[in-house]
Structures are given as C-alpha cells and as structure tokens.
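>>> How does the following fold in three dimensions:
(2 chains)
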Protein chains: 2
Amino acid sequence: MVGLARPIVQAPMGGGPSTPELAAAVAGAGGLGFLAAGYKSADGLAAEIAATRKLTDRFGVNLFVPGPRSQPERFGPYVEGLREAAGAEVGEPRWSDDDWEAKLELLRREPVAVVSFTFGCPPSEVVEGLQASGAEAWITVTSPEEARQAAAAGADALIVQGHEAGAHQGSFDDEGAGEPFGLLALLQLVAAEVELPLVASGGIATGAGLAAVLAAGASAAQIGTAFLLCPEAGTSEPHRQALRAGGLTEITRAFTGRRARGIVNRFLAEHRDAPSAYPEIHYATAPIRAAARKHDEAEDLNLWAGQAYALAREEPAADVVARLDAEARQALEAALRADS
Amino acid sequence: MVGLARPIVQAPMGGGPSTPELAAAVAGAGGLGFLAAGYKSADGLAAEIAATRKLTDRFGVNLFVPGPRSQPERFGPYVEGLREAAGAEVGEPRWSDDDWEAKLELLRREPVAVVSFTFGCPPSEVVEGLQASGAEAWITVTSPEEARQAAAAGADALIVQGHEAGAHQGSFDDEGAGEPFGLLALLQLVAAEVELPLVASGGIATGAGLAAVLAAGASAAQIGTAFLLCPEAGTSEPHRQALRAGGLTEITRAFTGRRARGIVNRFLAEHRDAPSAYPEIHYATAPIRAAARKHDEAEDLNLWAGQAYALAREEPAADVVARLDAEARQALEAALRADS
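The predicted structure is shown next:
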C-alpha cells in the first residue's frame, strides 16, 4: 500500500466537505488526502484534481460504482409525498451513472495516488486499467463477503467500513443481506478472509480510536467526521452548527435512497420509510437540500455524521492528523505497558 | 479495578453456557470468570456460587436489574400467535424480578469479587451495599448517557457493550432512544464522559480484537461468544452446531422480548415483529426453547452469537485466554512498530 508518514487517510466527503485545501492539509501533515468525485461531472472532477495538484500529489479520488436503475413504482410514492409537502423544490428522480466512464478515462490519463470505490465492486478490468496507469485501487467493503469479492477483483487494499461511519454505507447492495457490522468485529472477520492491507473506517475520532484499529491490524484509519469542523473543510454552516449542538445519529435513506448516517433532524424523522432507490431519491431531494443550505436551515439538510461526531474538534486539519497520530502512539504504548 | 493477570473477563452467559467449570478455567488462566444469575432462583445461584468457590475465588456474578411490567396489550397478540403455531408448548407470559432482593442479600452475605448489572442502573444504595461487603460493582452500559448514570450511581467500572455483542443488549431501556453504538465509537465517547475503568464488550474474538480495545483505553475485554465452543461451556449441541455452520446474525426480540443478537433461524425470521416485553416473552417462549434443546432442533432455539462468532474455536477456555492475550501483545507491538 502507498506509504504514509502518519496512518491517516482523509475520507472522501461528497456534497461539499471535501476540498482541495482539506486534502492538501492532510497530505501535508503526513496522511493521505481524498477528493470525492461523486455527483460531479468528469470535467468538474478534472478541475478539482488540477486545483489539488497545485497543492499536493499525495491524494486519492473516490468514485461511486454505478448501480441498477430503480423502477418508478419503488420511489414514486415517496417522491409524490415530498412534492405534496415541499412543492416546487422537489427534483426529477432520475438514474445516472455519475459519469463513470469519463471519470475512469480521466483517472487513467492523469493518475492519482489512489482511486477508491464505493457502492459496488468494480470489474477487474477497471481495477487493472487504473493499476496500469500507476494508481492503487482500493475498494470499500462492509461485510466479509464483499471483502472476498473485492480481493478477487484485484484490489490493492480494502477500506473496511463499520456501521458507525457517517454518511453513506459503501455496501455493494443497499438492501444486501443482514445487519451492518460494527467496525471492530468486521476488521477481525475481514482479516481472517483476505491478506490485503486494510484501511479502517467508521467512528474513529480520537487517537485512542486510531490506535485501536492499528492494533486490530489495519494499516491506516480513514477519517471523515473528525475533519468536518476543520477550517479547510467545505462543511456548510448549518451542518457545522448541528455538529456542535449534539444529538443522536441514525442510518437513513430519506435524503438519497441509500443508507447513510446523519444527525436526526425533522426531514430524517419524517421519512423513516424512505425506500431504497439510489440515485433517484438523491436527485429528487437535491433542490430541497440546496435550499436548506442557502437558508441555513438544518432541519431539511443531510447532516452526515459518524457515531463519534461529538469528539470532532475545531482545529486545522494538520493539527487533527498530528494530534491523533501522537495520541495513538501513546495509547499503544500505554496498552502494551498495562498488558505485560 | 480488580487486578487481572490477563485482561480478559469471561462474559456471563445465561441459559446454559456459563458454568462453574468455565469460570474456573478462565480464572485459572489469569482472567476473571463469571456466573450468570439471570433466570435462576437465589438458592440456585447460591449452589452455583458454592460449586464455583471449590474451584476458584476469582469470579463475578451478573444480575439482571428488574424492569417494569408490560401491559398484556403489548405482548398478548404476539403470545397468542405463538399459541396458534406451537400449541401447548407456549408458557404463561409473566413478570418477575428475577429474585432480585434475595440475590442481593446472598451476595452481600457471601461476597464475590465482582457483581455486575445489566438491563438497568441499580440504585446507589445497592451499589454501596455490595461495595461495603467487599465486592466491586460493575454496570453494563450501551450509550454515553447510560455511562453517566452508571458513574453517578457509584460503579467501580463500566462494561461498555457495543451492538456487535451476542445475546442481550444490556441497555437500561429496551426501547431507549437512538440506534445502538458500535463498540469502538462507544468506547471513545464513554472515555470522554467518565473516568472509570472500562471493560469492552461486543464482537471481540481474536487477539487483534483484544489489542484494539486495550489500545482504545479499555482495562479489559469481556468475551462471551469466543468461549461458546469450549468444552467447559454449557453450550447446547444444536447451538454448537449452528456456531460451526455459519450464517448471519441479527438483533431480535423474538425469544425474550428484549433486544438480543443471535444467528438467524426460522423462529427469529418468523418473528421479526416481536414486541418489547421482557421478561414476559422470555417466559412465553421458554417451553418452546426447552423442547428445541431436547430435540436438537436449532430452528426454534435462541442461537445467541456476537457478530464475530465465526472466529470462535473449539479449544479449552484456558487456551483461549492465553492465546488471545499473547496475540494481543504481539498485535500491540506490531502496531507500535508500524506507526513510528
């Protein structure tokens, strides 16, 4: 796996929080930055990559693997209900492949350090094409079975995501079998299945948490929520306020039609029956969310946050990286002293 | 906290698996054994304590804190449905305090090393009474809020249980607010709230898992499922077979009316709508489960298992303790080498 001076990978956070400045700050502190390609055009991604390259070359790009179209019967009643409540602010529910081929073409042409995937297992030709261009291919998994598939597809490393994680679960199938795994159980199970380097993700917000996943055998932690309050992050003001205010989180399909963890607000609480239909519901709610951001209205916004979000601090991203790594080392030393 | 040569606490496993022999084997290997007082009379518990004392004095006893009675409207339709399907094998749904006062009296009279509590926060007088007799009082918590309450009640240590755990969630309120926490997120949040020693519980089945919770700041791990296949455990044959066979786990109220994690079988799959009503539903399903055990019929049995149960091994409990501790030390050393 790509060498890291500090075992911290910034999580790609679509919809605003991930910025070239955040990626560069994490990379500059010895970690790996990440851009979120999701919801952007290939041209938009190219511009963001170019902006980031001016600051660092130690960053990755995360792609959404396109999924199946949903039948209108599936999302129709939900979207109709939104229209009755929100009127003109509801968007057209449509499918999209998120400019998949054009983004792959771009990344093969202008390789970055790592290309990661969520929402599915890319075909092995895609993995090999990126590897041939010089990038590493990482695949996000949420179960031992997905880990086996990702290894078979030729991944260089696996991002092992527990259900504690903020924002989207990266599961291959949003309605896949079984309950979501907690990160620590999943790390042990995946390590028993595959030989690949593992990057642990989900609810890691302190040096102690980082130390824990390193002790569990992960090569690094992928950290998202703990960067949301950094000045370099593009987190919206209402989102920042919600993170400071506290409250419970929950996994919801209300905003995008795919399971994702956010702080409970009015929109989430009123739509616990939202169906699985991604990206159709994402496009339907996009104008509602855009209006909420514009009006500083947190109650209609997707307030993505992992379970440990209360531990996020308002400090520069480089300080987060340095603090977590230093605390992790102390935590490992203390654990070793205690257990001998 | 009580000193441990190896940072492993055997989880109390009611309904059979916990035995004096298992507790003694874990204690003999340097950990702490545990008896499960739940579902037993105070006299039955006294006999089990006496039997265990002949083998070791390094063990604890876990008590269920009595909860509220449920109204018949709540469990009536569910129990009626069971009667229609299973006929005479359904028991009378009744409330019980699990012989609470008599068990406390017994434990004050004949103190054990640790008395732990699940399903609620004992009053501080109860905690103080046990402490006065020489025992430590540990309280099981599943959220930061429960941790605050348990600390206020005077607990000596907290058992921090993640949703990965097998069998019952120890939550104070079975219908309490919010989604269950993953262990690693919960450990970080609880450590930020209270100064007490923490015992981590939920899905810890390997030395790497043990190392992880020690690195996260826990003083020890409480391990249950990883002991289920030991010869000293009282695990039933059909339960053992299900653990070897594999399959998904899920949190269910089908068997007891309280959330508990088990391997999905027919009874669980057919009763995903079971209401929250403990211990009434426990008593209603008890004859069904007893008959299933007698006839080696795993499909009607509560097949409690944590999310990492596939990693449990068939070996003596002392070997489990020694192996996990040795592997944990190696894992901590490896993590420290990698991160420097």
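>>> so where does residue A:24 fall, helix or strand?
Element membership for residue A:24 (DSSP states H and E) is helix A:20-28.
>>> Quick check: closest non-adjacent residue to residue A:107.
Excluding its sequence neighbours, the residue lying closest to residue A:107 (C-beta to C-beta, 6 or more residues apart in numbering or on different chains) is residue A:115, at 5.5 Å. (C-beta placed from N, C-alpha, C; glycine too.)
>>> Sorry, slip of the keys, the one I care about is residue A:138.
Of all residues not flanking residue A:138 in the chain, residue A:116 sits nearest, at 4.1 Å (C-beta to C-beta, 6+ apart).
>>> Which residues does the one helix or strand the one you found maps to contact?
Per DSSP H and E: residue A:116 is located in strand A:114-118. Residues from elsewhere that reach strand A:114-118 (C-beta atoms under 8 Å, 6 or more residues apart in numbering or on different chains): A:2, A:12, A:32, A:34, A:59-65, A:107, A:130, A:135-140, A:159, A:168, A:170.
>>> Please flag which of those residues sit within helices.
A:107, A:130 (DSSP state H).
>>> So which of the contacts of strand A:114-118 belong to strands?
Taking DSSP state E, the ones among the contacts of strand A:114-118 that sit in strands are A:34, A:59-64, A:136-140, A:159, A:168.
>>> Could you check which residue of the stretch 51-200 of chain A lies nearest chain B?
residue A:185 (3.2 Å; C-beta to the nearest C-beta).
>>> Buried residues, the helix holding residue A:24. List them.
A:20, A:21, A:22, A:23, A:24, A:25, A:26, A:27 (16 or more other C-beta atoms under 10 Å in any protein chain shown).
>>> who touches residue A:216 in this structure?
By C-beta under 8 Å, 6+ apart, residue A:216 lies in contact with A:184, A:187, A:188, A:191, A:200, B:208, B:209, B:211, B:212, B:331.
>>> redo that, cut-off 7 Å
Contacts of residue A:216 were listed using C-beta atoms under 7 Å, 6 or more residues apart in numbering or on different chains, and they are A:184, A:187, A:188, B:208, B:209, B:211, B:212.
>>> Can you tell me what sits against stretch A:244-257?
Against stretch A:244-257 from outside (C-beta under 7 Å, 6+ apart): A:75, A:259-264, A:267-268, A:271, A:274-282, A:285, A:289, A:302, A:305, A:307, A:309-310, B:177-179.
>>> mind redoing it with 6 Å?
Stretch A:244-257 is touched from outside by A:259, A:261, A:263-264, A:267-268, A:271, A:274, A:276-278, A:280-282, A:285, A:302, A:305, A:307, B:178-179, with contacts defined as C-beta atoms under 6 Å, 6 or more residues apart in numbering or on different chains.
>>> Serialize the contacts of residue A:216 to TSV and add fields for pLDDT and neighbour count.
Shown next, in TSV, are those (pLDDT from 0 to 100; neighbours: other C-beta atoms under 10 Å in any protein chain shown):
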residue	pLDDT	neighbour count
A:184	98	36
A:187	98	30
A:188	98	27
B:208	98	27
B:209	98	34
B:211	98	34
B:212	98	36
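>>> For the stretch 101-250 of chain A, which residues are neighbours of chain B?
Applying C-beta under 6 Å from any C-beta of the partner chain, one finds that the stretch 101-250 of chain A approaches chain B through A:162, A:164, A:178-179, A:181-185, A:188-189, A:203, A:205-206, A:208-209, A:211-212, A:214-217, A:248, A:250.
>>> Quick check on these: which are buried?
Buried among these (16+ other C-beta under 10 Å): A:162, A:164, A:179, A:181-185, A:188-189, A:203, A:205-206, A:208-209, A:211-212, A:214-217, A:250.
>>> Cross those against strands and list the overlap.
residue A:250.
>>> Count the residues that sit near residue A:258.
Per other C-beta atoms under 10 Å in any protein chain shown, the neighbour tally for residue A:258 reads 25.
>>> what sits against it?
Residue A:258 is in contact with A:168, A:174, A:278, counting by C-beta under 6 Å, 6+ apart.
>>> coming back round to it: just put the ones in strands among the contacts of strand A:114-118 in TSV and tack on pLDDT and neighbour count.
Converted to TSV, the ones in strands among the contacts of strand A:114-118 look like this (pLDDT from 0 to 100; neighbours: other C-beta under 10 Å):
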residue	pLDDT	neighbour count
A:34	98	27
A:59	98	27
A:60	98	22
A:61	98	26
A:62	98	24
A:63	98	25
A:64	98	26
A:136	98	20
A:137	98	22
A:138	98	28
A:139	98	28
A:140	98	30
A:159	98	29
A:168	98	25
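>>> Max pairwise distance over the residues you listed: which two?
Farthest apart among the ones in strands among the contacts of strand A:114-118 by C-beta to C-beta are A:136 and A:168. That separation is 21.5 Å.
>>> now the longest helix along chain A against helix A:20-28, angle please.
The residue-count maximum for a helix in chain A (DSSP H) belongs to helix A:317-338. Counting by axes from the mean of the first three to the mean of the last three C-alpha atoms, to 10 degrees, helix A:317-338 lies at 40 degrees to helix A:20-28.
>>> Output the contacting helices and strands for helix A:317-338.
Packing partners of helix A:317-338 (3 or more C-beta pairs under 6 Å, 6 or more residues apart in numbering or on different chains; DSSP states H and E): helix A:20-28, helix A:207-215, helix B:207-215, helix B:317-338.
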